[in-house]
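1. coordinates only, sequence not included:
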């Protein structure tokens, strides 16, 4: 099937939070059932990139923010516009719309290289250093040897990536009533060091000092973290 069965039409369909999360999980299972699809997911190829980097985070946000309701509709928007989704709130009369911009904390090229090693070997080390030699043209070689890491270093590095993700969105204009979602890796290492109070203090002392032109900032962990901060701008 073309691109493992993903289409723009189904990616951008309006769904309730529970419908969107259920569909995303089903779609990832469907795609990952073949070798080609598994590669597309791991390497974020084709529309699997939008599915994993935009639609899945939106689904997690919607479920944690709104829960099981049919009064919220969420529509991913694929393209070069200045937001990634439209949220329609049917609880108000008339219904209201808001916008969502989604970004992720990541290691840059190393994030892709870790996923590449996972594709090659079937496993990888999430916090060990990435060693790269060569290029795609000269035969790329990547290794990630096991290495013990301190929990506080893992937490520090992830907090820095969260800050960098926010800084990339600073001083840019977005439509009125746009929220920013930053998705990050809240694995067990991170959560052993950073609790909600620690994270809130970090945000208030660093991220909220940036020129973020959004109404609300959300920090969404892949596992469980959900934090919301009112920015009081562009509402």
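-> Happy to help now that I have it. Just so we're clear, the structure is a prediction, and the values are computed from it rather than from any experiment.

2. This protein - how does it break down into domains?
-> 2-106+152-230, 109-148 (automatic domain parsing).

3. Can you say which of those domains is packed in most?
-> Highest mean neighbour count of the domains of the chain: domain 2-106+152-230, a mean of 17 (counted as mean count of other C-beta atoms under 10 Å). Using the backbone N, CA and C atoms, a C-beta is placed for each residue, glycine as well.

4. Could you give the separation of that domain from the chain centroid?
-> Its chain's C-alpha centre and that of domain 2-106+152-230 lie 5 Å apart, by C-alpha atoms, centre = their mean, to the nearest Å.

5. need the contact list for the closest residue to residue 224 other than its chain neighbours.
-> Nearest residue to residue 224, sequence neighbours excluded (C-beta to C-beta, 6 or more residues apart in numbering): residue 186, at 6.5 Å. Going by C-beta atoms under 8 Å, 6 or more residues apart in numbering, residue 186 touches 158, 194, 221-225.

6. try 10 Å
-> Listed by C-beta atoms under 10 Å, 6 or more residues apart in numbering, the contact set of residue 186 reads 155, 158, 194, 199, 219-226.

7. May I have the strands that pair with the top strand by length along the chain, each with its orientation?
-> Using DSSP state E, we find that the single longest strand of the chain is strand 96-104. Applying DSSP bridges to the sheet, strand 96-104 is found paired with strand 85-89 (antiparallel), strand 178-184 (parallel).

8. C-terminal to that strand, what's the next element?
-> Moving toward the C-terminus from strand 96-104, the next helix or strand (DSSP states H and E) is helix 109-121.

9. neighbouring contacts of that following helix?
-> By C-beta under 10 Å, 6+ apart, helix 109-121 touches 38-39, 41-44, 104-107, 123-132, 140, 142-144, 161, 185.

10. Work out the gap between that helix and the centre of the chain.
-> Centroid separation between helix 109-121 and its chain, computed with C-alpha atoms, centre = their mean, is 17 Å.

11. now it against strand 96-104, angle please.
-> Put simply, helix 109-121 runs at 70 degrees to strand 96-104, going by axes from the mean of the first three to the mean of the last three C-alpha atoms, to 10 degrees.

12. Which secondary structure elements does the top helix by length along the chain sit against?
-> Using DSSP state H to define each element, the chain has its longest helix at helix 151-168. Under the contact criterion of 3 or more C-beta pairs under 10 Å, 6 or more residues apart in numbering; DSSP states H and E, helix 151-168 touches strand 96-104, strand 178-184, helix 188-193, helix 196-205, strand 216-221.

13. Take the ones you listed and lay them out in TSV including distance to residue 112.
-> Shown next, in TSV, are those (distance: least, C-beta to C-beta, whole Å):
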stretch	distance to residue 112
strand 96-104	12
strand 178-184	16
helix 188-193	21
helix 196-205	26
strand 216-221	21
